[in-house]
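*Asks:* A structural model of the following input is requested.
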Amino acid sequence: MSVTLSATIRELANRGALRAVRADRKIPAVIYGPEMEPVSIIIESNPFGKVLTQAGESMLVEIDVAGGAQHSVLIKDMQTDPRTGAFTHVDFYAVSMKKELETDVSLEFVGEAPAAKAGGTVMKIKDALTVRCLPKFLVRSISVSLDKLQTYDDVITVADIMLTEGLTVLDEADDVVAKVSAPLTEDQLKALEAENSSDVSKIEVVGKKEDVAEAATEGADAKK
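*Replies:* As a prediction, this is how the structure comes out:
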């Protein structure tokens, strides 16, 4: 499964040329991989944003380079302008369709945990799994149903997750993915409040000691 993105070859790489590309609401990018020489390209900002939403960083993107070849890639790295959030550069990693690869695939939690309805809090321990597969089997995300969490003792482990065809998960089977923590009892809440109050008191005392020490130092300096 993949999505398609169009691109053109980027001939110039000096700063002035890059600024001109970005000013035109386009993004300088590069395609690289173990079986090819790097190719500098230009992509459109809006189409790239849509592709990123569809594919994420774990699903194949087919890049059609005008006047050039088509490349099967993964979105490997993205740089953004810290002021505007606009993309300023994108790295695409070209894959071989005949070789398995390892990558992280995000988890999508669906449904509602019955144990959470009684006041518990769903704890999502993992947000992605590391998988190995041929590129054609890559997916945008892996679905995890929270329905199994009936009580506070229930957990969802890696072994409980149903994988789609062609995926081999590399995480340990007994790794906990999600669980529901019980709400704090009244005694636990009081103990927590007392602990927080104690911490604040210690900070205040330390502050007073520092003030006294500072005053003593100033007094000693004045006598010199």
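*Asks:* What's the local residue count around the nearest residue to Gly120 once chain neighbours are set aside?
*Replies:* Of all residues not flanking Gly120 in the chain, Val180 sits nearest, at 4.1 Å (Cβ to Cβ, 6 or more residues apart in numbering). (C-beta placed from N, C-alpha, C; glycine too.) Residues lying near Val180 (other Cβ atoms under 10 Å) number 25.
*Asks:* in which helix or strand would I find Val180?
*Replies:* strand 176-181 (DSSP states H and E).
*Asks:* Could you do Ile31 as well?
*Replies:* strand 26-33.
*Asks:* and the angle for the helix or strand just after that strand with strand 26-33?
*Replies:* Downstream of strand 26-33, the next assigned helix or strand under DSSP H and E is strand 36-44. For strand 36-44 against strand 26-33, the angle by axes from the mean of the first three to the mean of the last three Cα atoms, to 10 degrees is 160 degrees.
*Asks:* quick one on the thing from earlier: give the contact list for the residue nearest to Gly120.
*Replies:* 113, 115-116, 120-123, 149, 151-152, 154 (Cβ atoms under 8 Å, 6 or more residues apart in numbering).
*Asks:* what's the neighbour count on Ser197?
*Replies:* Neighbour tally, Ser197, other Cβ under 10 Å: 10.
*Asks:* for it, helix, strand, or coil?
*Replies:* helix (DSSP: H, G, I helix; E, B strand; the rest coil).
*Asks:* Who does Gly33 form a beta bridge with?
*Replies:* Residues in a beta bridge with Gly33, per DSSP bridges, are Met36.
*Asks:* right, and it touches Tyr93 too?
*Replies:* Yes: with contacts counted by Cβ atoms under 8 Å, Gly33 reaches Tyr93, the gap being 5.9 Å.
*Asks:* Now do the shared contacts for those two.
*Replies:* Joint contacts of Gly33 and Tyr93 (Cβ under 8 Å, 6+ apart) are Val73.
*Asks:* contacting residues for the residue nearest to Asp171 when sequence neighbours are not counted?
*Replies:* Of all residues not flanking Asp171 in the chain, Val158 sits nearest, at 4.8 Å (Cβ to Cβ, 6+ apart). Residues near Val158 by Cβ under 8 Å, 6+ apart: 126, 129, 169, 171-175, 177.
*Asks:* Among the residues you listed, which pair sits farthest apart?
*Replies:* Within the contacts of Val158, Leu129 and Asp174 form the most distant pair, 13.6 Å apart (Cβ to Cβ).
*Asks:* Comparing those two, which shows the higher neighbour count?
*Replies:* Leu129 (23 against 9).
*Asks:* so which strand or helix has the more buried one?
*Replies:* strand 128-133.
*Asks:* strands paired with that strand, and their directions?
*Replies:* Applying DSSP bridges, one finds strand 128-133 paired with strand 101-110 (antiparallel), strand 168-169 (antiparallel).
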